[in-house]
Structures are given as structure tokens and as C-alpha cells.
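K.L.:
sequence-free structure coming up:
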């Protein structure tokens, strides 16, 4: 017996995810890394009360996933 409803729903969900990526341009904000001082760009408006890290420093700080 074939389930028609479940197969179609999964395809719709996957295709909608693919379509949402890459639409429009994302505003990037310049910031200074709180760890190394390098100039970097982030996809959110930096808050002066919170640290901002460049890609390399952020990767060093975040816990490894197993």
C-alpha cells in the first residue's frame, strides 16, 4: 500500500527550504573582533554591550560537537 500524502509533503518542504536560501542580499555590518581586533563583517547590528567575534575567533570559542 502506497501513502501518497507523506511523499508529496516532504518534497514540498525540501523545495521551500532550497528556495528561501539566496533570495535577496543580506545587510552586513562592520565590526571589530573582541578577541583579536581584526575588522570583520557580521549579519546583525552589533550591540556595544556584547562581544563580536570574527569567523576564526568564533570557531575557537564555540564548543566542539561530537
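P.N.:
Looks like it arrived, so ask away. Computed from a prediction, not measured in an experiment: that's the story for all the values here. Numbers count the residues shown, from 1 in each chain.

K.L.:
which residues are in contact with whichever helix or strand residue 30 is part of?
P.N.:
For residue 30, the host element (DSSP states H and E) is strand 29-32. Residues outside strand 29-32 that contact it (Cβ atoms under 8 Å, 6 or more residues apart in numbering) are 38-46, 52. Where you see a C-beta, it was placed from the backbone N, CA and C, and this is true even at glycine.

K.L.:
can you list the weak-confidence ranges in this protein?
P.N.:
Within the chain, the segments meeting pLDDT under 70 span 1-24.

K.L.:
please, where are all the strands along it?
P.N.:
Taking DSSP state E to define them, one finds strands in the chain at 29-32, 39-42.

K.L.:
figure out which of the ones you listed is closest to residue 58.
P.N.:
For the strands of the chain, the distance to residue 58 is smallest for strand 39-42, at 9.3 Å, taking Cβ to Cβ.

K.L.:
list the neighbouring strands of that closest one plus their orientation.
P.N.:
Using DSSP bridges, strand 39-42 pairs in its sheet with strand 29-32 (antiparallel).

K.L.:
in the partner strand, what's buried?
P.N.:
For strand 29-32, a neighbour-count test (16 or more other Cβ atoms under 10 Å) marks residue 31 as buried.

K.L.:
can you start the count at 11 instead of 1 from here on
P.N.:
Done: numbering now begins at 11, and the last item shifts to strand 39-42.

K.L.:
tell me where this structure has helices.
P.N.:
Residue ranges of the helices in the chain, as given by DSSP state H, are 14-30, 65-71.

K.L.:
buried ones from the contacts of strand 39-42, can you make that a PyMOL selection?
P.N.:
Typed into PyMOL, the line below selects the buried ones among the contacts of strand 39-42, using 16+ other Cβ under 10 Å:
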select buried, resi 50+52+62
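
K.L.:
which two from the contacts of strand 39-42 end up farthest apart in space?
P.N.:
Largest separation among the contacts of strand 39-42 by Cβ to Cβ: 48 and 55, giving 18.8 Å.

K.L.:
how close does residue 47 get to residue 64?
P.N.:
According to Cβ to Cβ, to the nearest Å, residue 47 stands 9 Å off from residue 64.

K.L.:
between those two, who's got more neighbours?
P.N.:
The neighbour count for residue 47 versus residue 64, taken as other Cβ atoms under 10 Å, is higher for residue 64 (20 against 10).
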